[in-house]
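Visitor: I'd like to go over a predicted model; first the sequence, then the structure.
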Amino acid sequence: QQQVKQSPQSLIVQKGGIPIINCAYENTAFDYFPWYQQFPGKGPALLIAIRPDVSEKKEGRFTISFNKSAKQFSLHIMDSQPGDSATYFCAASNDYKLSFGAGTTVTVRA
Amino acid sequence: DTAVSQTPKYLVTQMGNDKSIKCEQNLGHDTMYWYKQDSKKFLKIMFSYNNKELIINETVPNRFSPKSPDKAHLNLHINSLELGDSAVYFCASSQVAGGSDTQYFGPGTRLTVL
């Protein structure tokens, strides 16, 4: 069964908008939560990651918000650009393996 | 320089055939992985090797056999191919084993079984 639930499946925003992708997990042993970005025809690449001892992490225009008590985390893309159009995967790990969410295809319209 | 490379990029074959996909990483990593991405883009780990030793085998049919001749290479051999094997297969590597280290993915091999 899927250990990380991701929503929405797809998202369309205008340039400058803020797409938000949400993920939820049940396994409290997870202690590492990365986001991977995948462009068509390419392999996924690490975008940003967080550990549960912090509630927020920013890298450039990408922000992860983490709510340990709710077992939820989300990715915000600030001032989104057409070049951010890609599929985004959240994931979680308990130092054994990475379990991926189902992915969200984000389209940023110019 | 490509960090993680896979060959071939595309593979089209008939049901029942046997095929192999090769993967090489030049990052000096100890751990390598095979993932399967289905038509709905769901990514699922299949195998993981650390220092040439199998450490993860995720209920994959035994028609799939990974082989790691050395730390830099992890190949995937598939026997008696079935329609359901059609997918994109990604190789990845990381410095250390487990899921808490950055994984570097290859460009993928799109396998189509007719």
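Guide: Yep, it's here. A quick note: this is a predicted structure, and the numbers were derived from the prediction, not measured.

Visitor: name the helices or strands packed onto the helix or strand of chain A at the bottom of the mean pLDDT ranking?
Guide: Lowest on mean pLDDT, DSSP states H and E among the helices and strands of chain A sits strand A:98-100, with a mean of 94. For strand A:98-100, the packing partners by 3 or more C-beta pairs under 8 Å, 6 or more residues apart in numbering or on different chains; DSSP states H and E come out as strand A:86-93, strand B:43-50. Heads up, the C-betas are built off the backbone N, CA and C, glycines and all.

Visitor: Okay, now the sheet partners of that strand, with direction.
Guide: If you go by DSSP bridges, strand A:98-100 pairs up with strand A:86-93 (antiparallel).

Visitor: Could you export the partner strand as PDB, CA atoms only?
Guide: Coordinates of the C-alpha atoms in strand A:86-93 are reproduced here as PDB (Å, rounded to 0.1, in the frame of the first residue of the first chain):
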ATOM      1  CA  ALA A  86       7.300  19.400 -14.000                       C
ATOM      2  CA  THR A  87       6.100  16.500 -11.900                       C
ATOM      3  CA  TYR A  88       6.800  16.800  -8.200                       C
ATOM      4  CA  PHE A  89       7.100  13.800  -5.900                       C
ATOM      5  CA  CYS A  90       7.100  13.900  -2.200                       C
ATOM      6  CA  ALA A  91       8.800  11.000  -0.400                       C
ATOM      7  CA  ALA A  92       9.500   9.700   3.100                       C
ATOM      8  CA  SER A  93      12.200   7.500   4.500                       C
END
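
Visitor: Buried residues of that strand, list them for me.
Guide: Neighbour-count burial for strand A:86-93, counted by 16 or more other C-beta atoms under 10 Å in any protein chain shown, picks out A:86-93.
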